[in-house]
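Novice: need coordinates for the following:
(2 chains)
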Number of protein chains: 2
Amino acid sequence: MEMTEALQICWLELHRIVALQPDVLPGLLERFGSPQAVFDASRRELTECRGVTSEVADALLAGPDARHVANELVWLTQDDAHLITISDASYPRLLREIPDPPPLLYVRGDPSVLGRPQIAVAGSRNPTAGGCENAHAFAAALCEAGLVVTSGLALGIDACAHRAALAARGRTIAVAGTGLDRVYPSQHRDLAHKIARCGALVSELPLGSAPRRENFPRRNRIISGMSLGVLVVEAALHSGSLITARLGAEQGREIFAIPGSIHSPVARGCHALIRQGAKLVESAADVLEEIGALARAASDAAAPADAQLPDRVRETHGSR
Amino acid sequence: MEMTEALQICWLELHRIVALQPDVLPGLLERFGSPQAVFDASRRELTECRGVTSEVADALLAGPDARHVANELVWLTQDDAHLITISDASYPRLLREIPDPPPLLYVRGDPSVLGRPQIAVAGSRNPTAGGCENAHAFAAALCEAGLVVTSGLALGIDACAHRAALAARGRTIAVAGTGLDRVYPSQHRDLAHKIARCGALVSELPLGSAPRRENFPRRNRIISGMSLGVLVVEAALHSGSLITARLGAEQGREIFAIPGSIHSPVARGCHALIRQGAKLVESAADVLEEIGALARAASDAAAPADAQLPDRVRETHGSR
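Specialist: Residues are numbered from 1 along each chain as shown, chains lettered A, B, ... in the order given. Predicted coordinates for the structure are as follows:
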């Protein structure tokens, strides 16, 4: 537990009330300084804030009510369930620097992994066999170099990257486009549980949030925002992976793309990125050439890897 | 015939005497203004010039002798055999602008094709089947867009590009690394004759010059030097195609490279070029996007394509 239950209730209530309007919660926190202070504000003060409708003001003036967030409080009683707010020291440093950091993260697994240097892996949900092999080889090698592999739990390249990290006994983070009480796609239920045991599942969305199309691009900003760089393995033109890469570039992240045959539709997106300035990479070493030093610096800033391993991981995998 | 036989003899003699020292002939021409004036110079004037040994001075002071260049004069009696010097208006404009333009070009075929906009195609002597198909498709499409395909008559990608141009009833130029009285590799004898009929064979080397390893990099500077851009189709690291690309870049030419699988050794050279700033291309349209306007301008400066077609090409291929 990172905070008192009373404070948790304030955060959860605030999140529940304004979660669907991305810009409102940061504005309220900036204006009033803390979740408690938001609930202490007057109607006039509240409605002066951008995006605060009279319905939102009504809900806030009614004060935090534990009954509204009973599900969340039960969910948080689980050993591996955590809430990390942007006010916490454990909030991921790089994510805090993006233009629109999520105020609240639901985390299932080991929250300390969020503070470790990460590489985002993005790619097609319909990759070629060769694309899967590349995703696997890069993710395994990057894990072995000490990076956490962060991806989106989707079918295809995402799953290959997560699985490679698990197979390499590395750490991996899946940022979900749903609330953390559900798994999307459902066939990744086992994978999600394994990720929670050897890394973390992360979401900014309230429990119960369904997989809505509009949530995924915003989810992608968290994947790139937590990472030192974004590696795109295979991607069609106009695909979600290119959104992750674009957001990453806007956030100042290094973008990496693996080239392929000019006749492969899922190489087109990578080729477009390379033309826009992404680094063409043929191996994990090419990625590390750019971000290896950043990763080592970030790693030194965090505690040594062994000390960060939770007991259950050490039991499962033995000492490393 | 571009010039009088006496002047031809002067050029050929001069070339024969100093051809193997790349820097000497341009220096002599700059100092004395014309081949005849070089032969009229005194020993003292000659030996003041860089690279002029006493043996070279002896040969020059002996004056031009038609018997020394009897083979060349016989070769030049052929209908399609031409000598183009850097003093001629028909010398390729772009080639004249490179740091070390060849003073003399032997040409077999239609010399006017040297004045038309060209794309250089370079690549492995051991390409994949897919690489050959790409070379063919790009060369055919670039020919159809009005470009002359210039390459090196080598096995592999060079031959694919020449053959695609011939099949598309386009124009193609082969720059040889030997004297034009021989064909290297010998299995390209038929191909060379076809190229002479629908374009031109070009060499700066005296007749009789054998395929010597050190001649090929210098040959490559002519391929890139005559062209608006260099397209590298497939190339291993440290291969001759990368020399052509490097020389092209130094000459200010656009460099294009086709990406491929990260597991293909003949994609590595292309990937290295892309990382160094070459444009990644997926289609001939990508090439034309960069040099199409230059090609049109160059084409307008030259006579219309039809008027440039020699009669024998029109007879063979019908009107276009």
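Novice: next, count neighbours for the residue of chain A found nearest chain B.
Specialist: The nearest approach of chain A to chain B comes at residue A:259, 3.6 Å away (C-beta to the nearest C-beta). Heads up, the C-betas are built off the backbone N, CA and C, glycines and all. For residue A:259, the count of nearby residues is 25 (other C-beta atoms under 10 Å in any protein chain shown).
Novice: contact partners for it?
Specialist: Counting by C-beta atoms under 8 Å, 6 or more residues apart in numbering or on different chains, residue A:259 makes contact with A:267, A:270-271, A:274, A:280, B:259-262, B:267, B:271, B:274, B:280.
Novice: helices or strands next to the longest helix seen in chain A in the packing?
Specialist: Counting residues, the longest helix in chain A under DSSP state H turns out to be helix A:284-301. Here helix A:284-301 touches helix A:129-144, strand A:229-232, strand A:254-257, strand A:279-280, going by 3 or more C-beta pairs under 8 Å, 6 or more residues apart in numbering or on different chains; DSSP states H and E.
Novice: can you list the buried residues in the next helix-or-strand element following the second one?
Specialist: Counting by DSSP states H and E, the element after strand A:229-232 in chain order, helix or strand, is helix A:240-250. Buried residues in helix A:240-250, counted by 16 or more other C-beta atoms under 10 Å in any protein chain shown: A:240, A:241, A:242, A:243, A:244, A:245, A:246, A:247, A:248, A:249.
Novice: cool, stretch A:38-56 as well?
Specialist: A:38, A:39, A:41, A:45, A:46, A:49, A:52, A:56.
Novice: just curious, which of those residues is nearest to residue B:180?
Specialist: Each of the buried residues of stretch A:38-56 was scored against residue B:180 by C-beta to C-beta, and residue A:49 proved nearest at 82.2 Å.
Novice: which ones are touching the closest one?
Specialist: When contacts are taken as C-beta under 8 Å, 6+ apart, residue A:49 is in contact with A:24, A:27, A:28, A:31.
Novice: helix or strand for the nearest residue to residue A:240 once chain neighbours are set aside, which one?
Specialist: Spatial nearest neighbour of residue A:240, chain neighbours left out: residue A:216 (6.1 Å); criterion: C-beta to C-beta, 6 or more residues apart in numbering or on different chains. For residue A:216, the element it lies in under DSSP H and E is helix A:215-226.
Novice: low-confidence stretches in chain A?
Specialist: For chain A, applying pLDDT under 70 flags the ranges A:1-2, A:19-20, A:301-320.
Novice: for it, what lies in contact range of chain B?
Specialist: Chain A comes close to chain B at residues A:130, A:134, A:258-263, A:267-268, A:271, A:274-275, A:279-283, as judged by C-beta under 8 Å from any C-beta of the partner chain.
Novice: buried among the residues you listed? Need that as a selection in ChimeraX.
Specialist: Those of the residues of chain A next to chain B that count as buried under 16+ other C-beta under 10 Å are selected in ChimeraX with:
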select /A:130,134,258,259,260,261,262,267,268,271,274,279,280,281,282
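Novice: tell me the SS of residue A:27?
Specialist: Assigned with DSSP: H, G, I helix; E, B strand; the rest coil, residue A:27 falls in the helix class.
Novice: residues near it, how many?
Specialist: Residues lying near residue A:27 (other C-beta under 10 Å) number 15.
Novice: try residue A:285
Specialist: Counted with other C-beta under 10 Å, residue A:285 comes out at 12.
Novice: contact partners for it?
Specialist: residue A:141.
Novice: distance of it relative to residue A:256?
Specialist: From residue A:285 across to residue A:256, the span is 12 Å (C-beta to C-beta, to the nearest Å).
Novice: what of residue A:48?
Specialist: 45 Å.
Novice: how about residue A:221?
Specialist: Relative to residue A:256, residue A:221 is positioned 18 Å away (C-beta to C-beta).
Novice: these two: who's more crowded?
Specialist: Legend: neighbour count by other C-beta under 10 Å for residue A:221 and residue A:256, higher for residue A:256 (28 against 24).
Novice: could you give the bridge partners of the more buried one?
Specialist: Beta-bridge partners recorded for residue A:256 (DSSP bridges): residue A:231, residue A:279.
Novice: wait, it touches residue A:289, no?
Specialist: No: with contact defined as C-beta atoms under 8 Å, residue A:256 does not count as touching residue A:289 (10.2 Å).
Novice: all strands of chain A, in order?
Specialist: Applying DSSP state E to chain A gives strands spanning A:81-85, A:104-109, A:118-122, A:148-151, A:172-175, A:199-203, A:229-232, A:254-257, A:279-280.
Novice: take these and lay them out in CSV including distance to residue B:12.
Specialist: Conversion of the strands of chain A to CSV gives the following (distance: least, C-beta to C-beta, whole Å):
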stretch, distance to residue B:12
strand A:81-85, 83
strand A:104-109, 81
strand A:118-122, 63
strand A:148-151, 68
strand A:172-175, 72
strand A:199-203, 76
strand A:229-232, 58
strand A:254-257, 54
strand A:279-280, 48
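Novice: do you know which of those strands lies nearest residue B:141?
Specialist: Comparing the strands of chain A by C-beta to C-beta, strand A:279-280 comes nearest, at 24.1 Å.
Novice: helices and strands around the closest one, which ones?
Specialist: strand A:254-257, helix A:284-301, helix B:265-275.
Novice: need the winner for burial among those.
Specialist: Comparing those by mean neighbour count (mean count of other C-beta atoms under 10 Å in any protein chain shown), strand A:254-257 ranks first with a mean of 25.
Novice: can I get the CA coordinates of that one in PDB?
Specialist: What follows is strand A:254-257 as a C-alpha-only set of coordinates in PDB (Å, rounded to 0.1, in the frame of the first residue of the first chain):
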ATOM      1  CA  GLU A 254      14.400   7.000 -29.900                       C
ATOM      2  CA  ILE A 255      12.500   5.200 -32.700                       C
ATOM      3  CA  PHE A 256      13.800   2.000 -34.100                       C
ATOM      4  CA  ALA A 257      12.400   0.000 -37.100                       C
END
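Novice: tell me the helices and strands packed up against that strand.
Specialist: Judged by 3+ C-beta pairs under 8 Å, 6+ apart, strand A:254-257 is in contact with strand A:229-232, helix A:240-250, helix A:265-275, strand A:279-280, helix A:284-301.
Novice: recalculate using a threshold of 6 Å.
Specialist: Under the contact definition 3 or more C-beta pairs under 6 Å, 6 or more residues apart in numbering or on different chains; DSSP states H and E, strand A:254-257 sits against strand A:229-232, helix A:240-250, helix A:265-275, helix A:284-301.
Novice: that older thread, format the buried residues of helix A:240-250 as CSV; extra columns: distance to residue A:95.
Specialist: Below are the buried residues of helix A:240-250 laid out as CSV (distance: C-beta to C-beta, whole Å):
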residue, distance to residue A:95
A:240, 19
A:241, 19
A:242, 21
A:243, 17
A:244, 14
A:245, 17
A:246, 17
A:247, 12
A:248, 12
A:249, 16
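Novice: which two among the residues you listed are spaced furthest apart?
Specialist: Using C-beta to C-beta, the pair of the buried residues of helix A:240-250 lying farthest apart is A:240 and A:249, separated by 15.0 Å.
Novice: before we move on, the earlier item: residue B:94 is nearest to which of the helices and strands packed on helix A:284-301?
Specialist: In terms of C-beta to C-beta, the element of the helices and strands packed on helix A:284-301 nearest to residue B:94 is strand A:279-280, at 29.0 Å.
Novice: hmm, who's touching the closest one?
Specialist: For strand A:279-280, the external contacting residues (C-beta atoms under 6 Å, 6 or more residues apart in numbering or on different chains) are A:256, A:259, A:274, B:271, B:274, B:275.
Novice: can you check stretch A:196-206 too?
Specialist: Residues contacting stretch A:196-206 (C-beta under 6 Å, 6+ apart): A:16, A:19, A:80, A:102, A:105-110, A:113, A:166, A:171-176, A:179-180, A:192, A:195, A:313.
Novice: repeat that with 7 Å
Specialist: Around stretch A:196-206, the neighbours that count as contacts under C-beta atoms under 7 Å, 6 or more residues apart in numbering or on different chains are A:15-16, A:19, A:80, A:102, A:104-111, A:113-114, A:148, A:166, A:171-176, A:178-180, A:192, A:195, A:215, A:222, A:312-313, A:316.
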